[in-house]
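A.B. asks: turn this into a model:
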Amino acid sequence: VKTSSSPSSSKTELYSTSYPSLLSTEREVLGFQDWAVQCGVQAKNGFYLAQDFVDGNEDWFVATSDGGAQGSRILAIPAEMILSSAVIAQEFDGYI
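C.D. replies: Modelled structure (predicted):
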């Protein structure tokens, strides 16, 4: 929720929020990463999650250690993890 126009030095956030608790909430990124691997997500070409602290807040981002060639795959996500309108229609089988 972006409701303020005060700039931030965060790599991922352009504006600060008027809800400071959202900025200071600890994220379960490593648990999320474990869950994704258990579901079949495969990282390629040195893809990894990295952590930094910006303005006293935890900041997560993705990076690659190898860089990879243009057009190369860096993350493989199983089709059954992707939510699409076709999957929803199939799941609800005519109820929507």
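A.B. asks: in contact with the nearest residue to Asp66 once chain neighbours are set aside, which residues?
C.D. replies: Using C-beta to C-beta, 6 or more residues apart in numbering and skipping the chain neighbours, the partner closest in space to Asp66 is Gly46 (3.7 Å). Bear in mind the C-beta positions are built from the backbone N, C-alpha and C, glycine included. Going by C-beta atoms under 8 Å, 6 or more residues apart in numbering, Gly46 touches Thr64, Ser65, Asp66, Gly67, Gly68.
A.B. asks: the third one belongs to a helix?
C.D. replies: It stands for Asp66. No - secondary structure of Asp66 (DSSP: H, G, I helix; E, B strand; the rest coil): coil, not part of a helix.
A.B. asks: next, count neighbours for it.
C.D. replies: 11 (other C-beta atoms under 10 Å).
A.B. asks: check what pLDDT it gets.
C.D. replies: The model reports Asp66 with a pLDDT of 81.
A.B. asks: my guess is it contacts Tyr48. True?
C.D. replies: No - using C-beta atoms under 8 Å, Asp66 makes no contact with Tyr48, being 10.3 Å away.
A.B. asks: for the residue nearest to Asp66, give its distance to Asp55.
C.D. replies: 28 Å (C-beta to C-beta, to the nearest Å).
A.B. asks: what of Leu30?
C.D. replies: 22 Å.
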